[in-house]
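Participant: Show me the folded form of this:
(2 chains)
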Protein chains: 2
Amino acid sequence: MNPHSDRCTLCQEDGGRVIWRDASLRIIAVAGDAHPGFTRVVWNEHISEMTQLPSQARDSLMAAVWRVEQIQRSVLRPDKINLAQFGNMTPHLHWHVIPRWADDSHFPEAIWAAAPARSHAQAMAWNQHKTRMAKRLPDYWAALHECCKTAT
Amino acid sequence: MNPHSDRCTLCQEDGGRVIWRDASLRIIAVAGDAHPGFTRVVWNEHISEMTQLPSQARDSLMAAVWRVEQIQRSVLRPDKINLAQFGNMTPHLHWHVIPRWADDSHFPEAIWAAAPARSHAQAMAWNQHKTRMAKRLPDYWAALHECCKTAT
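Facilitator: The predicted model follows:
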């Protein structure tokens, strides 16, 4: 047990609704509707940097990230995938996998940046688009679960 | 040759000072002094998503990212490493590898977020810290080059 783990939220909680879990990692549907399909891959053990993982464990974490990306691309068909591993606030390995659309609230900025100015019509169009994407999420989660199950 | 490549800056230019280059990728020192040690790993071929790469190529790109992270950790000793692959503006695979310090201008936010409020004393302290880190960069670049050379 890492000495930090009793103060780490990702050691205490799953971090969202679990789509897949195995002995090494879990895949979480991020709460909220700002970015439909936003998914996190969380390593179960409290480790802060990728190069602190043995190479085989690192490969298995990245294999899960690629599975999420692949299923997002095939089911949600975004214009771009964004991948990030920061951990500045919670230094416990977790990857953000975010489907991005050219008309989303932050495109082409990172979702952590200030949202660019949008007209009322643009904001309305993204709301409608987002609602359509949200309807595909059950298919996305089911396909992701199936893909993980098949891979292991 | 990908049809988009004639309009892509990362197909037209290296994207910064080259620390390492091989047939598949290049490692670039990001211009500017805002985040000392900020490095990019750029895939040479115009491809936009990780899962569009064959698995062996994907592994070799990630191996280069891990080398950068490892050398940043050993030479620059940051408080955290941030990794990101967005490509919203330039959809040509490139990874950001960013050493972060708890007193840097944006910590604990992503560097793309608005900088949190800082006192004058905090801003001065980061400037001094940043200057010290900048002095380590030649050692960092040399170690990174050596590590890539040894690995290939």
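
Participant: From here on, just use CA atoms for contacts and neighbour counts.
Facilitator: OK.

Participant: Strands of chain A, residue ranges please.
Facilitator: Ranges of strands within chain A are A:17-21, A:25-29, A:39-43, A:80-85, A:94-100, based on DSSP state E.

Participant: So what are the sheet partners of the last one and their directions?
Facilitator: Strand A:94-100 sits in its sheet next to strand A:39-43 (antiparallel), strand A:80-85 (antiparallel), going by DSSP bridges.

Participant: and the first one with strand A:25-29, angle?
Facilitator: With axes from the mean of the first three to the mean of the last three Cα atoms, to 10 degrees as the basis, strand A:39-43 and strand A:25-29 are set at 160 degrees to each other.

Participant: who's in contact with stretch A:120-127?
Facilitator: Here stretch A:120-127 makes contact (Cα atoms under 8 Å, 6 or more residues apart in numbering or on different chains) with A:Asp103, A:Asp104, A:Ser105.

Participant: low pLDDT regions in chain A?
Facilitator: Along chain A, segments meeting pLDDT under 70 span A:1-4.

Participant: can you rerun that using 50?
Facilitator: Within chain A, the segments meeting pLDDT under 50 span A:1, A:3.

Participant: mind listing the helices for chain A?
Facilitator: For chain A, helices defined by DSSP state H occupy the ranges A:9-12, A:55-71, A:120-151.

Participant: what's the most buried one of the ones you listed?
Facilitator: Of all the helices of chain A, helix A:55-71 carries the top mean neighbour count, a mean of 18, counting by mean count of other Cα atoms under 10 Å in any protein chain shown.

Participant: right, is it up against chain B?
Facilitator: Yes - using Cα under 8 Å from any Cα of the partner chain, helix A:55-71 reaches chain B at A:Trp66, A:Glu69, A:Gln70.

Participant: Packing partners of that helix?
Facilitator: strand A:39-43, strand A:94-100, helix A:120-151 (3 or more Cα pairs under 8 Å, 6 or more residues apart in numbering or on different chains; DSSP states H and E).

Participant: Give me the contacts around that helix.
Facilitator: Contacts to helix A:55-71, defined as Cα under 8 Å, 6+ apart, come from residues A:25, A:39, A:41, A:43, A:50-51, A:81, A:95, A:97, A:140, A:143-144, A:147-148, B:50-51.

Participant: Count the neighbours of A:Pro91 for me.
Facilitator: 21 (other Cα atoms under 10 Å in any protein chain shown).

Participant: which residues touch it?
Facilitator: Residues near A:Pro91 by Cα under 8 Å, 6+ apart: A:Ile47, A:Ser48, A:Glu49, B:Lys80.

Participant: what's the answer for A:Pro116, then?
Facilitator: Contacts of A:Pro116 (Cα under 8 Å, 6+ apart): A:Ser105, A:His106, A:Phe107, A:Glu109.

Participant: ok, now with 7 Å
Facilitator: Contacts for A:Pro116 (Cα atoms under 7 Å, 6 or more residues apart in numbering or on different chains) come out as A:His106.

Participant: same deal with A:Trp101?
Facilitator: By Cα under 7 Å, 6+ apart, A:Trp101 lies in contact with A:Pro78, A:Asp79, A:Lys80, A:Phe107.

Participant: Looking at those, state which has the most neighbours.
Facilitator: Neighbour max across the contacts of A:Trp101 (other Cα under 10 Å) = A:Lys80, 23 neighbours.

Participant: any idea how far that residue lies from B:Leu144?
Facilitator: Distance, A:Lys80 to B:Leu144, using Cα to Cα, to the nearest Å: 30 Å.

Participant: Ok, A:Val97 next?
Facilitator: Using Cα to Cα, A:Val97 is found at 28 Å from B:Leu144.

Participant: A:Trp126 now?
Facilitator: 43 Å.

Participant: for A:Trp101, same thing?
Facilitator: A:Trp101 is 35 Å from B:Leu144, by Cα to Cα.

Participant: And stretch A:43-51, end to end?
Facilitator: Distance across stretch A:43-51, first residue to last, is 13 Å (Cα to Cα).

Participant: How about stretch A:38-56?
Facilitator: End-to-end distance of stretch A:38-56: 26 Å, with Cα to Cα as the criterion.
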